[in-house]
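Q: Build me a structure from this.
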Amino acid sequence: MKSIKPLHAQCFFSVSRRGEFHQFLTYDYYDPRNYYAKLVYADEKKYLREMLRLMYGMQELLDTEVVKINGVRVRPRVLSVDMEHRGLREVPYITWLIWFKGRIKRGVNVFENVSEEEVAEYDYEVVWLFPKGAKVLEVHVPTDYEIVGDRALFIWARKGDKVGGLEKIVFEVR
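A: Next up is the predicted model:
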């Protein structure tokens, strides 16, 4: 397992008017010894144990973060985890489905996440899509970002960038 290295990550957030935040987090890995391929294709019991380990490990990580919607702490929960391959057994990817809910109101809303500051070990992108009629007003993140249209937000970090700390997104729901 020590030979497995993360290559890249992508995260998609979809936010509903009812305050539901659906998060789809995918990591691509380099697995030169085919550890994950052997689990997927040969040993169902070990595969299921590994999926539980990955699910609980991600939940543990999420539990260290402080996530707030309009000043009220919410608790992201891992709903599911899946593993597949990108055409090569040496390139597995793992996807976590994460959900949380907060109170979204008409007018200005604030999403905040506080996590440990660190240096990115790989490139990653985060895409946010807010409800129809919403508008992203402010973004405070340590990396680059772009607001596209009113309600889409793209954030990206490159290997070596400082990431984490306080991240804040202010958005209006009309």
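Q: Now do whichever strand or helix holds Y36, average pLDDT.
A: Per DSSP states H and E: Y36 is located in helix 35-42. In this model, helix 35-42 has an average pLDDT of 87.
Q: Tell me the helix or strand right after it.
A: Following helix 35-42 in sequence order, the next helix or strand is helix 44-64 (DSSP H and E).
Q: any low-confidence regions in this protein?
A: Low-confidence segments of the chain, defined by pLDDT under 70: 1.
Q: now do 80
A: Within the chain, the stretches with pLDDT under 80 are 1-2, 43.
Q: Tell me where it has strands.
A: 5-15, 20-30, 66-69, 72-74, 77-85, 92-101, 107-119, 123-129, 134-140, 144-148, 152-157, 162-173 (DSSP state E).
Q: Residues contacting the last one, please?
A: Looking back up the chat, that one is strand 162-173. By Cβ atoms under 8 Å, 6 or more residues apart in numbering, the list of residues contacting strand 162-173 from outside reads 17, 104-120, 128, 130-131, 133-143, 151, 153, 157. The way it works is simple: take the backbone N, C-alpha and C, and place the C-beta from them, glycine included.
Q: partners of it, with directions?
A: The pairing partners recorded for strand 162-173 under DSSP bridges are strand 107-119 (antiparallel), strand 134-140 (antiparallel).
Q: number of nearby residues for the closest residue in space to M55 that isn't next to it in sequence?
A: The spatially closest residue to M55, leaving aside those adjacent along the chain, is V81, at 4.6 Å (Cβ to Cβ, 6 or more residues apart in numbering). When neighbours are defined as other Cβ atoms under 10 Å, V81 has 21 of them.
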